[in-house]
Structures are given as C-alpha cells and as structure tokens.
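Student: coords below, sequence missing:
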C-alpha cells in the first residue's frame, strides 16, 4: 500500500512539475497585436460596453463563435494587466498535462499517461503558442479533453462522456479550425453509440445542441446578415492561404512533426553546438520511430484505440496539407498531440 501511495505521489509531483515548467514560460511571452485586440474586446465585454456575436478572424478570412472573447473577459475579471492575463492563460493551458496523463491511463496505463505528458513538453513548432499567447494556446488542452472523453466513452460506455465529447469538440474547433481533423473520431463515437443502442433521438439532439451552442451567437449574426460570410470560403480559396496547396506537402509536414520544430529550438533558440543538435535529433527520431513502429504492431494486433490514434495522426497531417499551402506553427498542434 505504501509503495502504491509513493507511486501516486511521484506521479502527481511529476505532472505538477510539467505544469509549472509550462506556466513558467509565460515570462517570455511576447506582446503582439492579436492578443492586444482580443483583450480590448474582452474588456468591453467585462465593462458591459460591447457584446460581440462573432469571434476573432482566422487566416484573414474565417470567423467562428465569440467563445474566446468571453473566456478572455472572464480572465480579465479575475486578473488585471498584461502579465496577469498571459500567466492565467498559461495556467489554463498547463491543464493539458494532467489531461494527457488521464487519457494515457485510460488508453493503456499510468506509464503511458506519464510518457504522453512528458513528451508534450518537448519543444516543437507548437511551443510558440506559449510565446505568442492567443486562442490557439488552448488547442492542445481541448484536443486532449476531447480524446479523454472519447476514450472514456469507448471504455465505459457512459452517455455523459459522449455528450461531453461533442461539446469539447466544438470548443476545440474554436481554439483553431485544424481541430476539424478530429471529425472522424466524433463520427466513430456516434456510430459506436448507435451500435450500443445508446444514441436515442433525445441523446442525439442533446449532443447536437451542445455542439452548436458555441456557434449560436455566430449563427444568429449570420442569420441577421443574410449569411453574408458564406462568400468568405470563396475568397479564402482564392487567397494566398491556398497557394502551393498540395498533398505532396505531407512528407514535409510529417518530418517537421518529428524533427523540424525541435531542430529550430535547439539550433536557434538554445544555440547548442552542432554535435549536440545532431545527438538530440537522433535520439528523438529513434524514440518517435520506435513509438510509431510499436503503434503499428499494436494496431495489427487489433488494438482499436492504437489503430485509431495512428490513423488520426496520418489524417491530421493530410487535413493540414489539404486546407493550407503554408503552415503556421499553430496548425501543427493537433498532429503533435497525436504523435
């Protein structure tokens, strides 16, 4: 009993350490125009002088619901100043580590959860979300919350996890539309619920309602304007966002997932020597390849969860390559979590 208690305390201490490390990076966050604009809108909400129905613009064209603005307004009512807001955002983002632990534990065991949490802290392209804080900083958190709900519904079958997964999926899309890559898992959950005879009309309508809820202000605004934003998709398709868009970018994206981001951090930020960069790169490549090989072997042994994760990693890279011709760092987060 004492051994189990020590292991539990050790696990909790390690996860807390990861959260502290992540939150501490807020010290180096940069002041940038996007967050300054969003904080201005949030302060208007807090002060009761403005209540937006649409969210911040993404890719210079796309707008979703205003959930981010109202969340930022809540933060603004709890703390004051730039640093207080950024630090509280970092603390919220740090919840991704206990979520990764719980999801890994649900998937395999405690060791898997710990490994998942530890590897999330490894520098990558998406680490820049912490240094340029905005709504994308919540992507990993919400993706992991969705995966945890999905795993618990798969393992335990409780309908509450199905409903929660629907709501969190919607929030993840609001953090960044790249979370649409998780749609196959959402559809698989619905099919599973149907097969288990738990997807009644009432449950389906409730799941649909909680998914639509974060979009409700946007839908109201669109209805009032005659759905004027529908033309945005045509302009997006003709914009520079889709220039050089090709599925041939997938191998490059996959390489950037495994090594590109970490190489940038070790070479340019940490300014390590060439042999150190090479050693770290070789070690990480070996870990990643061994993990992917083990995932394939497990998938072939009819481990459905592992097969789904592996397929979703491939699909997320496919999805990114299919919707953009160039790839800002925040578009890699979903793939990083799955990797």
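Tutor: It's in. The structure presented is a predicted model; accordingly, all values stated were derived computationally and were not measured.

Student: What are the buried residues along stretch 327-335?
Tutor: Using 16 or more other Cβ atoms under 10 Å as the test for burial, stretch 327-335 gives 327, 329, 330, 331, 332, 333, 334, 335. Using the backbone N, CA and C atoms, a C-beta is placed for each residue, glycine as well.

Student: Between the residues you listed, which sits nearest residue 103?
Tutor: residue 334 (14.1 Å; Cβ to Cβ).

Student: Next, work out how far apart the closest one and residue 207 are.
Tutor: Residue 334 sits 21 Å away from residue 207 when distances are taken as Cβ to Cβ, to the nearest Å.

Student: Can you list the residue ranges for helices in the stretch 201-339 of the chain?
Tutor: Counting by DSSP state H, counting those that start in this stretch, the stretch 201-339 of the chain has helices at residues 201-212, 216-224, 232-237, 250-255, 261-264, 274-300, 304-323, 333-338.

Student: between the ones you listed, which gets the lowest average pLDDT?
Tutor: Comparing mean pLDDT across those, the weakest is helix 232-237, with a mean of 67.

Student: can you give me the strands in this protein?
Tutor: 57-58, 62-63 (DSSP state E).

Student: partners of the last one in the sheet?
Tutor: For strand 62-63, the paired strands and their directions (DSSP bridges) are strand 57-58 (antiparallel).

Student: where in the chain is pLDDT low?
Tutor: Residues of the chain meeting the criterion pLDDT under 70: 1, 60, 230-231, 233-238, 240-241.

Student: how does it look with 80?
Tutor: Low-confidence segments of the chain (pLDDT under 80): 1-3, 59-62, 226-245, 325-326.

Student: Which stretch among the helices of the stretch 201-339 of the chain is buried most, on average?
Tutor: Among those, helix 333-338 has the highest mean neighbour count (mean count of other Cβ atoms under 10 Å), at a mean of 26.

Student: from the chain's centre, how far out does it sit?
Tutor: Centroid separation for helix 333-338 versus its chain: 7 Å, with Cα atoms, centre = their mean, to the nearest Å.

Student: how many neighbours does residue 270 have?
Tutor: For residue 270, the count of nearby residues is 12 (other Cβ atoms under 10 Å).

Student: Against residue 332, how distant is residue 296?
Tutor: Counting by Cβ to Cβ - residue 296 and residue 332 are separated by 22 Å.

Student: possible to save the strands of the chain as JSON lines with mean neighbour count?
Tutor: As requested, these are arranged in JSON lines below (neighbours: other Cβ atoms under 10 Å):
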{"stretch": "strand 57-58", "mean neighbour count": "16"}
{"stretch": "strand 62-63", "mean neighbour count": "16"}
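
Student: Turn those into TSV, including distance to residue 221.
Tutor: Output for the strands of the chain, formatted as TSV (distance: least, Cβ to Cβ, whole Å):
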stretch	distance to residue 221
strand 57-58	14
strand 62-63	9
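
Student: Nearest approach to residue 123 belongs to which of those?
Tutor: Of the strands of the chain, nearest to residue 123 by Cβ to Cβ is strand 57-58, at 24.6 Å.

Student: how distant is that closest one from the center of its chain?
Tutor: 17 Å.

Student: and the gap between the spatially closest residue to residue 54 that is not a sequence neighbour and residue 199?
Tutor: Closest residue in space to residue 54, ignoring its immediate chain neighbours: residue 63 at 4.7 Å, by Cβ to Cβ, 6 or more residues apart in numbering. Separation of residue 63 from residue 199 (Cβ to Cβ): 31 Å.

Student: what number of residues lie near residue 31?
Tutor: Number of residues near residue 31 (other Cβ under 10 Å) recorded here: 10.

Student: Would you enumerate the residues in contact with it?
Tutor: Taking Cβ atoms under 8 Å, 6 or more residues apart in numbering, we find residue 31 in contact with residue 82.

Student: Look up phi and psi at it.
Tutor: With angles defined as degrees, to the nearest 10, residue 31 sits at phi -80, psi 120.

Student: show me the contacts for the closest residue to residue 105 other than its chain neighbours.
Tutor: Spatial nearest neighbour of residue 105, excluding adjacent residues (Cβ to Cβ, 6+ apart): residue 113 at 4.1 Å. By Cβ under 8 Å, 6+ apart, residue 113 lies in contact with 100, 101, 102, 103, 104, 105, 106, 107.

Student: cutoff 7 Å now
Tutor: 100, 101, 102, 103, 104, 105 (Cβ atoms under 7 Å, 6 or more residues apart in numbering).

Student: cool, residue 116 as well?
Tutor: 100, 101, 103, 104.

Student: Next, format those as CSV and append neighbour count and distance to residue 144.
Tutor: Output for the contacts of residue 116, formatted as CSV (neighbours: other Cβ atoms under 10 Å; distance: Cβ to Cβ, whole Å):
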residue, neighbour count, distance to residue 144
100, 29, 5
101, 26, 10
103, 26, 6
104, 22, 10
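
Student: Turn those into a markdown table, including distance to residue 270.
Tutor: Shown next, in a markdown table, are these (distance: Cβ to Cβ, whole Å):
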| residue | distance to residue 270 |
| --- | --- |
| 100 | 24 |
| 101 | 27 |
| 103 | 29 |
| 104 | 28 |
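
Student: if we take these, which one ends up nearest to residue 189?
Tutor: Looking across the contacts of residue 116 and measuring by Cβ to Cβ, the closest to residue 189 is residue 103, at 14.6 Å.

Student: Lovely, talk soon.
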